[in-house]
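Student: generate coordinates for the sequence data below:
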Amino acid sequence: MGPASAEQSLLAGIGNAVGTVSRVVRFGIEAYDEDGQRVNDGGEPFLVNVRGPARCRARVYDYDNGRYAIEWVPSTSGMYEIAITLHGQLVAGTPFMFSVLDPQPFAENCSVSGSARS
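Tutor: Coordinates of the predicted model:
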C-alpha cells in the first residue's frame, strides 16, 4: 500500500450538497492509494478551499485510519465552490458546488405572545 492518491480518494457524505447558514456542514474523505487500495493510516495533507459569497474556513480532522472529516460553517447564503486537493492535485469529484440556504422557520417550534394578540 502506497501513499494516498487524489484521483483514487473518495468523498463521503456530500448528499444533495445543500446546507443552512450558521449550521455545521460535514463530509468526509476516504483515502485510497494509486492501486485503489484503502489507506489505513493518517497524515495525508488534504487541503480544502471554500469559495463563495462569504469567507469560510474549513477544518480537516485526521482520524489516523485513512479517513478524514471536513467541517465548515457558512455565514452567508449562496453558492459555494468546494475544492479539495492532495499534494496540489484535485481530489476526484472536486471542485463541486454547494448551496447554502437561509434558515427557515419551523411552525411547530414557533409561538405568538404579547398583549397585541386578540
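Student: which parts of the chain are strands?
Tutor: Ranges of strands within the chain are 10-12, 18-20, 25-30, 46-51, 59-62, 67-72, 78-86, 89-90, 96-101, based on DSSP state E.
Student: residues near residue 4, how many?
Tutor: Per other Cβ atoms under 10 Å, the neighbour tally for residue 4 reads 27. C-beta here means a position set from N, CA and C on the backbone, and glycine is covered the same way.
Student: quick one: residues contacting it.
Tutor: 31, 32, 33, 39, 44, 66, 86 (Cβ atoms under 8 Å, 6 or more residues apart in numbering).
Student: again, only this time at 6 Å
Tutor: Residues near residue 4 by Cβ atoms under 6 Å, 6 or more residues apart in numbering: 31, 39, 44.
Student: mind checking pLDDT for the closest residue to residue 63 other than its chain neighbours?
Tutor: In space, and not counting its chain neighbours, residue 63 is closest to residue 42: 6.5 Å by Cβ to Cβ, 6 or more residues apart in numbering. On the pLDDT scale, residue 42 is placed at 94.
Student: was I right about residue 42 contacting residue 68?
Tutor: No - in this structure residue 42 lies outside contact range of residue 68 using Cβ atoms under 6 Å: 7.6 Å.
Student: name the residues contacting each of the two.
Tutor: Here residue 42 and residue 68 have residue 62 as joint contacts, going by Cβ under 6 Å, 6+ apart.
Student: shouldn't residue 77 be in contact with residue 98?
Tutor: No - applying Cβ under 6 Å as the test, residue 77 and residue 98 come out as separate, 11.4 Å apart.
Student: residue 59 against residue 72, yeah?
Tutor: No - taking contacts as Cβ under 6 Å, residue 59 lies outside contact range of residue 72: 7.1 Å.
Student: and residue 53, what does it touch?
Tutor: Per Cβ under 6 Å, 6+ apart, neighbours of residue 53: 76, 78.
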